[in-house]
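K.L.:
Sharing a sequence plus its predicted fold:
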Amino acid sequence: MTSVESHQDEQPLEYVARYGDREFRYHLCYVPEHKKATIRVHVHPNGMVQVDAPESAQLPAIKSAVQRRARWILKHLDDIAERNRDVRPRQWVSGESVLYLGRRYVLKVIQASDQRKVTCKLIGGQLRVQGKDLTPDRIQKAVRQWYRDRALDVFQRRLDLMVESLPWTTTAPAWRIMEMQTQWGSCSPEGAILLNTHLIKAPTGAIDYVLLHEMCHLVEHNHSPRFYGLLNRFMPEWQSVKEGLDGRACLYLNQK
Ligand SMILES: [Zn+2]
């Protein structure tokens with residue numbers, strides 16, 4: 001019935017599939033017939049591709065099933081590589097990526113022996129850090145300060161815009177920033193708003209969601225249905241925005 005007979009001593013069964021000019025490896029696991037009737041492909045978080053096939057499946061059928069999913073598999077492998085790239089400790093050298101307002105910029109380090117003060121400028125797709133004796137430590141400090149400056153500027157502008165549409169206030173409340181690991185923002189009972197500096201790496205929509213959340217706390221100091229009523233009214237799509245933000249939390253919080 002099947003061309004592949006005994007599988008026990010053939011583990012691990014590793015094959016290579018090609019798609020366009022790319023290739024990937026996958027492990028083939030045969031599973032008892034009664035458990036799974038179809039060929040299934042999993043991409044594990046560590047990048048391992050596992051193909052579960054019924055014991056009766058013939059190798060050409062398995063290979064063509066993998067081939068049909070090749071695009072999907074490569075997309076997953078690319079996503080994993082991308083995530084790993086972002087959480088890898090950075091070295092503060094040219095070519096690394098820097099996130100700002102949901103976009104990725106390339107860090108460009110420019111040694112300028114006649115420039116004492118280190119400057120950071122967004123030019124085209126690059127964040128150019130320029131100055132004298134730029135060590136990784138000095139570059140990191142400069143980028144961190146740049147993030148703070150950008151956060152102060154952008155958060156204020158978004159708040160100013162937002163208060164125009166909110167009926168319970170006419171001016172933006174006092175707020176400050178802090179690099180935090182566990183929350184995007186908070187609002188004290190006295191109405192003091194604290195915003196996470198790292199939020200400046202997220203898209204404007206996500207920033208607006210956090211600002212709105214804290215602004216709603218000025219009226220409702222809790223997470224009551226009335227509070228969510230306000231959120232829904234002023235940002236009906238807030239749940240998907242929140243999901244997107246939380247899904248990328250690791251990226252925004254760890255890229256220091
Ligand atoms: Zn809240």
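P.N.:
Thanks, I have the structure now.
K.L.:
Tell me which stretches of this structure form strands.
P.N.:
Taking DSSP state E as the test, the strands found in the chain are 13-19, 22-31, 40-43, 49-54, 97-100, 103-111, 119-123, 126-131, 175-178, 185-187, 193-196.
K.L.:
Which positions within the fifth one qualify as buried?
P.N.:
Just to be clear, that refers to strand 97-100. The neighbour-count check on strand 97-100 (16 or more other C-beta atoms under 10 Å) flags 98-100 as buried. To be clear about C-beta, it is placed using only N, CA and C from the backbone, and glycine gets the same treatment.
K.L.:
try the first one
P.N.:
Residues of strand 13-19 classed as buried: 13, 17 (neighbour count, 16+ other C-beta under 10 Å).
K.L.:
One more: the third one?
P.N.:
For strand 40-43, a neighbour-count test (16+ other C-beta under 10 Å) marks 41, 43 as buried.
K.L.:
Kindly export it (C-alpha atoms) in PDB.
P.N.:
Presented in PDB, the C-alpha positions along strand 40-43 are these (Å, rounded to 0.1, in the frame of the first residue of the first chain):
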ATOM      1  CA  ARG A  40       0.000  18.800   8.000                       C
ATOM      2  CA  VAL A  41       2.700  21.300   8.100                       C
ATOM      3  CA  HIS A  42       3.800  23.200  11.200                       C
ATOM      4  CA  VAL A  43       6.500  25.900  11.500                       C
END
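K.L.:
Packing partners of it?
P.N.:
strand 49-54, helix 70-87 (3 or more C-beta pairs under 8 Å, 6 or more residues apart in numbering; DSSP states H and E).
K.L.:
try 6 Å this time
P.N.:
Helices and strands touching strand 40-43, by 3 or more C-beta pairs under 6 Å, 6 or more residues apart in numbering; DSSP states H and E, are strand 49-54.
K.L.:
Off-centre distance for the longest helix along the chain?
P.N.:
Counting by DSSP state H, the longest helix found in the chain is helix 136-163. Taking C-alpha atoms, centre = their mean, to the nearest Å, one finds helix 136-163 lying 19 Å from the centre of the chain it belongs to.
K.L.:
ok, and for it, which residues are buried?
P.N.:
Buried residues in helix 136-163, counted by 16+ other C-beta under 10 Å: 138-139, 142-143, 146-147, 150-152, 154-155, 158-159, 162-163.
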